[in-house]
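Enquirer: Model the structure of this input:
(one chain, ligands or ions: 1)
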Amino acid sequence: MSVPRLSGKVQTVLGLVDPDLLGRTMTHEHLTMTFDCCYFPPPAGDEAIAENPFQMRHMHWLRQNPYGCRENLLLQQENAAVQDELLAYREAGGGAVVENTTAGIDRDLPTLKRLAENTGVHIVAGAGYYVDCTHSEATRGASVEKLTDIIVGEVLRGADGTDIRCGVIGEIGTGWPVTESEAKVLRATAQAQAQLGCPVIIHPGRDPAAPAEVVRILQEAGGDIGKTVMSHLDRTIFDEGELLEFATLGSYLEYDLFGTEMLNYPYDLTLDMPSDSQRVKTLAFLAKEGYGDKILVAHDIHTKNRLTKYGGHGYSHILRSIVPKMLMRGFSQQQVDQILIDNPKRWLTFK
Ligand SMILES: CCC(=O)NCCS(=O)(=O)O
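Expert: A predicted model of the protein is given here:
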């Protein structure tokens, strides 16, 4: 189904826009949020660094241990720095950002609206719920129908007591295995998507089987997989055969941790976080296999240390450094535009 008022448009925090106006789009960022739900204690002996982290000599430590410092998880304290970053992003040729902060990690729609007004960057906000540990008692106790109504309302009327409307559902958080409460939110997401004809974006659990399991739940509940993004594939599916098998299910394939180069990924020490060069190689592999029209990219900035204010790569890293690398590695300009402009535009446009 579709909603006539929304059909053929993209919904930003400032209202509906013609999809052609978006330009280059990062499909998975956060501009203001808290990640304190995912605090992970620092390595033994490093507690003192974690207490006083923002010094030049600690910046490498922060890049390696971003979740081991509570203050680093409070991105919502950096609105002024983020505004400067968005102006730099526009200067670098960026046009739009999908802000994936959902209920549970401090979505702040008035701030997003102000950032859009002050920078001219199109910002699309996310409806729905993050992972289980952030679900409120009310969310846990709600029926699928109730959650569907809430999500639909966030898109049609506005969220968090404001009249600011979300333009995507997600990132919808799931772990591995998917919990009962997360499965319920996924079913509500699928039903809301069926009513609205809107884009959906998923945060899968950390297991190669997790993305396909989420697709299965969404599909059974009436979701539109061709209008759904699977995020964080960089830390989820490593085997090329498994990746191609997942790609056949039809979702968008998002590599959204560009700029994250970390030796020990604390949430799963058995996996090796890829480097940016390895990410570009994987994108080339997917393009060669015929999935160029499904690839999306972003940085998923969710901690302070990744801002340029703290020596990080910022929101312009892909435009300034990854695109030249892609061109050097054989991507044509047309393929790059497909990934940065055409695919996001198609995904974000309401049916
Ligand atoms: C809220 C940001 C987020 O969930 N980012 C993903 C982090 S990770 O699961 O890839 O470590």
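Enquirer: Leaving out the residues flanking it, which one is nearest to the residue of the stretch 201-350 of the chain found nearest the ligand?
Expert: Per Cβ to the nearest ligand atom, H302 is where the stretch 201-350 of the chain lies closest to the ligand, at 3.9 Å. The way it works is simple: take the backbone N, C-alpha and C, and place the C-beta from them, glycine included. Using Cβ to Cβ, 6 or more residues apart in numbering and skipping residues adjacent in sequence, the residue nearest H302 is H30, 4.7 Å away.
Enquirer: And for D224?
Expert: Using Cβ to Cβ, 6+ apart, the nearest residue to D224 is Q193, at 5.7 Å.
Enquirer: now swap in F285 and tell me
Expert: Distance criterion Cβ to Cβ, 6+ apart; nearest residue to F285, sequence neighbours excluded, is E240 at 6.3 Å.
Enquirer: what separates that neighbour from L233, distance-wise?
Expert: Taking Cβ to Cβ, to the nearest Å as the measure, E240 falls 12 Å from L233.
Enquirer: Same check on M26?
Expert: For M26, the distance to L233 - Cβ to Cβ - is 16 Å.
Enquirer: Tell me where this structure has helices.
Expert: 47-51, 59-64, 79-91, 109-119, 137-141, 144-156, 180-196, 210-220, 240-247, 276-288, 317, 323-328, 333-337, 343-348 (DSSP state H).
Enquirer: Would you mind pulling the contact partners of stretch 82-99?
Expert: If you take Cβ atoms under 8 Å, 6 or more residues apart in numbering as the criterion, stretch 82-99 is touched by 12, 21-32, 75, 112, 115, 118-126, 167-168, 201, 298, 307-309, 314-316, 319-320, 344, 348.
Enquirer: Report the separation between the two terminal residues of that stretch.
Expert: Using Cα to Cα, to the nearest Å, the end-to-end distance of stretch 82-99 comes out at 12 Å.
Enquirer: Kindly report the same for stretch 227-234.
Expert: 20 Å.
Enquirer: ok, and what's touching that stretch?
Expert: Stretch 227-234 has contacts (Cβ under 8 Å, 6+ apart) with 27-28, 100, 170-171, 193, 197-204, 211, 214-215, 218, 243, 246, 251-257, 260, 273-274, 279, 282, 296, 300, 347, 351.
Enquirer: buried subset of those?
Expert: Buried by 16 or more other Cβ atoms under 10 Å: 27-28, 100, 170-171, 193, 197-204, 211, 214-215, 218, 243, 246, 251-257, 260, 273-274, 279, 282, 296, 300, 347, out of the contacts of stretch 227-234.
Enquirer: Can you pull the residues of the stretch 151-300 of the chain lying near the ligand?
Expert: H203, H232, R235, L257, Y267, D300 (Cβ under 6 Å from any ligand atom).
Enquirer: Now those residues in JSON lines, please, with extra columns for pLDDT.
Expert: Shown next, in JSON lines, are these (pLDDT from 0 to 100):
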{"residue": "H203", "pLDDT": "98"}
{"residue": "H232", "pLDDT": "98"}
{"residue": "R235", "pLDDT": "98"}
{"residue": "L257", "pLDDT": "98"}
{"residue": "Y267", "pLDDT": "96"}
{"residue": "D300", "pLDDT": "98"}
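Enquirer: Now intersect the residues you listed with the strands, please.
Expert: Using DSSP state E, the subset of those located in strands is H203.
Enquirer: which two in the residues of the stretch 151-300 of the chain next to the ligand are spaced the farthest apart?
Expert: Y267 and D300 (13.8 Å; Cβ to Cβ).
Enquirer: That'll do, ta.
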